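> coords below, sequence missing:
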Ligand code: NAD
């Protein structure tokens, strides 16, 4: 019988990688599911909910994982969890693969196979396993809701007997998954929304959400999207033109949500200190790129900085502030990834090590770090 274990997350992580819904499906597929007592509470899933789904409750993390063939986590686990697991068992989570290489080495040496969901190839077959999308979508939503709550004015235009309340102006910079949801949310709240990106494919999407697209649409812009659908780093000349456009636009904005990222690089710097100084007191910037260095020069990750009456917030783990939905979507991403490897008839786990999605996400196996992007570079490179 396949055994799946779920330990509790650390104190800063309210999400969980298994919900009663996915537990029920795994039990139905013939798996034994064990959850550490209280592990789902911060997403409002009680031990009883998991029991009703057919799972067993374990008293400790070690009890939850020691017999498991597969362990689900949200974050990179502490070494103690990997050590408590069977050699050759697998752990699937968002393991932040490019940070703390020594720690990753130590985890590899336990013999556990680690899978990092952030590295899931962005191909059509894997869309339902794409944790970056499932979590960024919620982050984009929550950024606007948080900005609206902190903003001392209303967002929609209101015509009342006492006079008219003007609509707030929201500017979204970077229109990937998070940016699109930020636009949609700000529109639902009645704001006047503009958005910018360097990828031309975005233009139509912005218009279809009822927002206005503004960008430097030169020759370079036409080539800015990679085959994988991501943005390329832009030339200095383009960045200068972009900065000119942004500075004339941003001075009139009430709320700015920034989400611009380039894979494998620090976040592009799109808002300078001078641009912040041109904004009105009371304006709000929410910088979703804070963890990758920030799109705004004044952003401090995890803090709200006030500068000339403008508040710049650099939230970390926004999906964790909507843990009920974030856990539900993340747990479904994990379930979809695992399901093809459950051999229901044999009652065994059969991971297809040649599968593109397995190879794309596998970080460690048989005591070693095996992912091609994590190998030491040959000398001279
Ligand atoms: P991301 O988080 O890497 O970047 C966010 C946005 O920032 C992107 O739209 C990017 O173009 C933009 N950006 C980068 N540099 C910029 C700059 N200098 N100025 C303004 N904007 C800048 O992107 P993402 O949310 O991961 O999505 C990237 C693309 O991948 C989208 O087209 C999305 O639809 C696509 N996607 C595909 C799949 C799939 O097929 N499985 C899944 C998710 C997303």
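Noted; the coordinates are in hand. Predicted model, so just to flag it, every value in this text is computed and none were measured. Residues are numbered from 1 along each chain as shown.

> every contact and neighbour count from this point should use C-alpha atoms.
Fine.

> tell me which parts of the stretch 151-300 of the chain are close to the ligand?
173-178, 196-199, 229-231, 259-263, 268 (CA under 6 Å from any ligand atom).

> just the buried ones from those, in PyMOL syntax?
Burial among those is assessed by 16 or more other CA atoms under 10 Å; the matching PyMOL selection reads:
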select buried, resi 173+174+175+176+177+178+196+197+198+199+231+259+260+261+268
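
> from the residues of the stretch 151-300 of the chain next to the ligand, which land in strands?
Of those, the ones assigned to strands by DSSP state E are 173, 196.

> please name the bridge partners of residue 349.
residue 342 (DSSP bridges).

> residue 343 is in contact with that one, correct?
Yes: if you go by CA atoms under 8 Å, residue 349 and residue 343 touch, sitting 5.9 Å apart.

> for these two, indicate the residue with more neighbours.
Each of residue 349 and residue 343 has its neighbours counted (other CA atoms under 10 Å); residue 349 has more, 19 against 16.

> check what pLDDT residue 375 gets.
Looking at residue 375, its pLDDT is 84.

> now do the same contact list for it.
Contacts for residue 375 (CA atoms under 8 Å, 6 or more residues apart in numbering) come out as residue 369.

> number of residues surrounding residue 144?
Count around residue 144 with other CA under 10 Å applied: 24.

> please enumerate the helices of the stretch 151-300 of the chain.
Shown for the stretch 151-300 of the chain, the helices assigned by DSSP state H, counting those that start in this stretch span residues 177-188, 202-208, 219-222, 236-250, 273-278.

> residue of the stretch 251-381 of the chain nearest the ligand, please.
The ligand sits closest to residue 260 of the stretch 251-381 of the chain, with a gap of 3.2 Å, by CA to the nearest ligand atom.

> find the nearest non-adjacent residue to that residue, please.
Spatial nearest neighbour of residue 260, chain neighbours left out: residue 174 (4.2 Å); criterion: CA to CA, 6 or more residues apart in numbering.

> surely that neighbour meets residue 196?
Yes: Residue 174 lies in contact with residue 196 (CA under 8 Å); the separation is 6.0 Å.

> which residues touch the residue nearest to residue 347 when sequence neighbours are not counted?
Leaving aside its sequence neighbours, residue 347 sits nearest to residue 1 (CA to CA, 6+ apart; 4.8 Å). Neighbour list for residue 1: 30, 31, 32, 347, 348 [criterion: CA under 8 Å, 6+ apart].

> quick one: buried ones out of these?
Taking 16+ other CA under 10 Å as the criterion, what is buried in these is 30, 31, 32, 348.
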